[in-house]
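# sequence plus the predicted model coming up.
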Amino acid sequence: MRKSWAVAGAAVVFVSEVLALGSFALWGHSVTDSRWVPYALLLAGLVVWNLVAPRGDGARVALYAVALLAVFAAGHPTWGLVQAGVFVAALTLARFPEVQELIDRARGTGTRAART
(Lines give C-alpha, C1' and ligand atoms only; values in the text may rest on other atoms or scores of the structure.)
Protein backbone atom coordinates (compact mmCIF):
# COMPACT_ATOMS: atom_id res chain seq x y z
CA MET A 1 0.00 0.00 0.00
CA ARG A 2 1.38 3.39 -0.90
CA LYS A 3 1.94 5.95 1.80
CA SER A 4 -0.78 8.27 0.48
CA TRP A 5 -3.32 5.42 0.74
CA ALA A 6 -2.15 4.67 4.26
CA VAL A 7 -2.63 8.32 5.23
CA ALA A 8 -6.10 8.31 3.65
CA GLY A 9 -6.94 5.12 5.54
CA ALA A 10 -5.77 6.63 8.83
CA ALA A 11 -7.87 9.72 8.07
CA VAL A 12 -10.97 7.56 7.60
CA VAL A 13 -10.28 5.88 10.95
CA PHE A 14 -9.92 9.31 12.59
CA VAL A 15 -13.14 10.59 11.04
CA SER A 16 -14.98 7.47 12.20
CA GLU A 17 -13.82 8.05 15.77
CA VAL A 18 -14.94 11.69 15.66
CA LEU A 19 -18.33 10.61 14.27
CA ALA A 20 -18.69 8.04 17.05
CA LEU A 21 -17.99 10.63 19.72
CA GLY A 22 -20.32 13.10 18.07
CA SER A 23 -23.05 10.46 18.18
CA PHE A 24 -23.04 10.53 21.97
CA ALA A 25 -23.40 14.32 22.01
CA LEU A 26 -26.19 14.11 19.41
CA TRP A 27 -28.09 11.63 21.54
CA GLY A 28 -27.60 13.77 24.64
CA HIS A 29 -28.96 16.77 22.77
CA SER A 30 -32.03 14.80 21.67
CA VAL A 31 -33.01 13.59 25.16
CA THR A 32 -32.63 16.80 27.16
CA ASP A 33 -32.87 20.55 26.87
CA SER A 34 -29.76 21.01 29.00
CA ARG A 35 -26.84 22.36 27.07
CA TRP A 36 -24.33 20.63 29.37
CA VAL A 37 -25.51 17.02 28.99
CA PRO A 38 -24.26 16.64 25.38
CA TYR A 39 -20.82 17.91 26.43
CA ALA A 40 -20.77 15.57 29.41
CA LEU A 41 -21.67 12.61 27.19
CA LEU A 42 -19.03 13.65 24.67
CA LEU A 43 -16.41 13.79 27.42
CA ALA A 44 -17.55 10.47 28.89
CA GLY A 45 -17.41 8.90 25.43
CA LEU A 46 -13.91 10.26 24.92
CA VAL A 47 -12.69 8.80 28.21
CA VAL A 48 -14.27 5.40 27.53
CA TRP A 49 -12.96 5.40 23.96
CA ASN A 50 -9.38 6.03 25.12
CA LEU A 51 -9.63 3.29 27.74
CA VAL A 52 -11.32 0.63 25.62
CA ALA A 53 -10.52 1.19 21.93
CA PRO A 54 -6.77 0.41 22.09
CA ARG A 55 -7.64 -3.12 23.25
CA GLY A 56 -8.47 -4.22 19.73
CA ASP A 57 -11.05 -4.51 17.00
CA GLY A 58 -13.66 -6.19 19.19
CA ALA A 59 -13.72 -3.21 21.53
CA ARG A 60 -13.94 -0.81 18.58
CA VAL A 61 -16.84 -2.75 17.11
CA ALA A 62 -18.69 -2.56 20.44
CA LEU A 63 -18.08 1.19 20.72
CA TYR A 64 -19.17 1.78 17.13
CA ALA A 65 -22.33 -0.26 17.81
CA VAL A 66 -23.17 1.87 20.85
CA ALA A 67 -22.55 5.01 18.78
CA LEU A 68 -24.90 3.73 16.07
CA LEU A 69 -27.56 2.96 18.67
CA ALA A 70 -27.19 6.53 19.95
CA VAL A 71 -27.73 7.96 16.46
CA PHE A 72 -30.78 5.79 15.83
CA ALA A 73 -32.16 6.64 19.29
CA ALA A 74 -31.71 10.33 18.47
CA GLY A 75 -34.03 9.82 15.49
CA HIS A 76 -31.52 9.98 12.62
CA PRO A 77 -31.69 6.59 10.83
CA THR A 78 -30.24 7.84 7.53
CA TRP A 79 -27.27 9.40 9.29
CA GLY A 80 -26.87 6.13 11.20
CA LEU A 81 -26.64 4.15 7.97
CA VAL A 82 -24.03 6.56 6.61
CA GLN A 83 -22.05 6.22 9.83
CA ALA A 84 -22.31 2.44 9.66
CA GLY A 85 -20.66 2.55 6.24
CA VAL A 86 -17.88 4.79 7.54
CA PHE A 87 -17.37 2.50 10.55
CA VAL A 88 -17.10 -0.60 8.35
CA ALA A 89 -14.60 1.18 6.09
CA ALA A 90 -12.57 2.31 9.09
CA LEU A 91 -12.47 -1.16 10.63
CA THR A 92 -11.42 -2.62 7.27
CA LEU A 93 -8.72 -0.03 6.61
CA ALA A 94 -7.34 -0.25 10.15
CA ARG A 95 -6.39 -3.88 9.49
CA PHE A 96 -3.73 -2.85 6.95
CA PRO A 97 -0.30 -2.79 8.63
CA GLU A 98 0.66 0.55 7.06
CA VAL A 99 -2.49 2.23 8.33
CA GLN A 100 -2.12 0.68 11.79
CA GLU A 101 1.49 1.87 11.93
CA LEU A 102 0.40 5.46 11.22
CA ILE A 103 -2.36 5.23 13.83
CA ASP A 104 0.06 3.84 16.41
CA ARG A 105 2.60 6.54 15.60
CA ALA A 106 -0.05 9.25 15.97
CA ARG A 107 -1.09 7.83 19.35
CA GLY A 108 2.52 7.67 20.41
CA THR A 109 2.39 3.93 21.06
CA GLY A 110 4.50 2.75 18.15
CA THR A 111 4.50 -0.79 16.84
CA ARG A 112 6.65 -3.77 17.60
CA ALA A 113 8.32 -3.52 14.21
CA ALA A 114 9.19 0.13 14.81
CA ARG A 115 10.63 -0.64 18.26
CA THR A 116 12.97 -3.40 17.13
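Thanks, I have it. Numbers count the residues shown, from 1 in each chain.

# setting aside sequence neighbours, what's the nearest residue to the most centrally placed residue in the chain?
Compute the mean C-alpha point of the chain, and by CA atoms, centre = their mean the closest residue is Glu17, 2.1 Å away. Spatial nearest neighbour of Glu17, chain neighbours left out: Trp49 (6.8 Å); criterion: CB to CB, 6 or more residues apart in numbering. Every residue, glycine included, has its C-beta placed from N, CA and C.

# contacts for stretch 6-17 next, please.
Stretch 6-17 is contacted from outside by 1, 49, 53, 64, 83, 86-87, 89-90, 93-94, 96, 98-99, 101-103, 106, using CB atoms under 8 Å, 6 or more residues apart in numbering.

# just the buried subset of those residues, please.
For the contacts of stretch 6-17, a neighbour count by 16 or more other CB atoms under 10 Å gives the buried set as 49, 53, 64, 83, 86-87, 90, 93-94, 98-99, 101-103.

# widest-spaced pair of those residues?
Farthest pair in these (CB to CB) is Gln83 and Glu101. Separation: 25.6 Å.

# quick one on the thing from earlier: from Arg35, how far out is the residue nearest to the centre of the chain?
Separation of Glu17 from Arg35 (CB to CB, to the nearest Å) stands at 24 Å.

# in the biggest helix by length in the chain, which residues are buried?
As assigned by DSSP state H, the longest helix anywhere in the chain is helix 3-31. Residues 6, 9-10, 12-13, 16-17, 19-29 are the ones in helix 3-31 that count as buried (16+ other CB under 10 Å).
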